[in-house]
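**Q** missing the sequence, but the structure's below:
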């Protein structure tokens, strides 16, 4: 158990929704296909797998089939130096129940030539076997990898899914697929951290007699197949005694080098901001709180149930220069239900 202790945080930001919000890609650039007749269920949609709503489970009717499934995205970006993805997260899934495994592939010619991503690391709920990720539990999974630098093969990305044995053992359900870049903050925040559990779904009213009546529209987030961030080999009834309240974190980061804080160039010739810095990844790519992201309390921990927060920026960070090329800033994070 991590006790949610803050170390040196790591942030996982989705590039696909960033590009989508900018109008660089649209729903025609996303596709679902299979090697046979397997398809999405009537009430499911390809875009539902990328809506950043892990509780909005999409179903693929693959039970007892052996089809290979492809979930593909065309980013329209053809230069390796731009938008190099290095992680994939699937928030909300039943891969174990469905007997499924997945692989991350990239290409620059719509998979006429296909390249597996390199140096794959199973961070949460995955074992790497012959290039495939095999989740040991239902719930969610997070994997990191290195882009094939120099191959110019990062325009097309896809998640390839196959049965882990002869056939799928149940219909596959997927909540939200994130694909993007990570940023490890250069050091931990200052010691004075403010943490709060907010019950914003609770309303109270006092009667004329002085009695208080309360009503709760919600107390916690919706399920991601299981409880959020839960991992289990079976689909258990969601725990009614789980955490309630929306988490809020307020943190200050002092003495950040300008190279860790801002991109070298704000206005690039190709019109795509680049950099592995605080502003680019945490502010620009989330559009200042428009898009949620994964926050890892301590980048060295891999407890999938207690080391992460699904959240968004809840402030517009200001930067104060406190020495030559040295900056302070603060961020407020609010948990996303």
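**A** Received it, and whenever you're ready, just let me know what you need. Note that the structure is a prediction, hence the values are computed from the model and not measured.
**Q** So in the protein, which helix runs the longest?
**A** Taking DSSP state H as the criterion, the chain has its longest helix at helix 15-21.
**Q** Which parts of that helix count as buried, going by neighbours?
**A** Under the neighbour-count criterion of 16 or more other Cβ atoms under 10 Å, helix 15-21 has 15, 16, 17, 18, 19, 20 buried. From N, CA and C alone the C-beta is placed, and that goes for glycine too.
**Q** quick one, helices of the stretch 1-150 of the chain?
**A** Along the stretch 1-150 of the chain, counting by DSSP state H, counting those that start in this stretch, helices occupy 15-21, 95-98.
**Q** Tabulate the ones you listed (JSON lines), appending distance to residue 308.
**A** Shown next, in JSON lines, are the helices of the stretch 1-150 of the chain (distance: least, Cβ to Cβ, whole Å):
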{"stretch": "helix 15-21", "distance to residue 308": "18"}
{"stretch": "helix 95-98", "distance to residue 308": "18"}
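**Q** For residue 88, find the nearest of these.
**A** Residue 88 sits nearest to helix 15-21 of all these, at 10.4 Å, using Cβ to Cβ.
**Q** Check the offset of the closest one from the chain's centre.
**A** Relative to the mean C-alpha coordinate of its chain, helix 15-21 is positioned 12 Å out (Cα atoms, centre = their mean, to the nearest Å).
**Q** How about stretch 193-213?
**A** The chain centre lies 32 Å from the centre of stretch 193-213; the measure is Cα atoms, centre = their mean.
**Q** pLDDT on the helix or strand containing residue 310, on average?
**A** Assessed by DSSP states H and E, residue 310 sits inside strand 308-313. Across strand 308-313, pLDDT averages out at 96.
**Q** Walk me through which strands it pairs with, and which way each runs.
**A** Strand 308-313 has the following sheet partners, assigned by DSSP bridges: strand 293-296 (antiparallel), strand 326-335 (antiparallel).
**Q** Low-confidence ranges, the stretch 51-200 of the chain, go.
**A** Along the stretch 51-200 of the chain, the parts satisfying pLDDT under 70 run over 79-83, 112-118, 147-153.
**Q** at 90 instead, please
**A** Within the stretch 51-200 of the chain, the stretches with pLDDT under 90 are 76-86, 105-122, 128-131, 145-155, 181, 183.
**Q** Would you mind confirming that residue 30 is in contact with residue 47?
**A** Yes. Using Cβ atoms under 8 Å, residue 30 makes contact with residue 47 at a distance of 6.2 Å.
**Q** Which one's more surrounded, these two?
**A** Taking other Cβ atoms under 10 Å, residue 30 and residue 47 do not tie; residue 30 has more neighbours (19 against 13).
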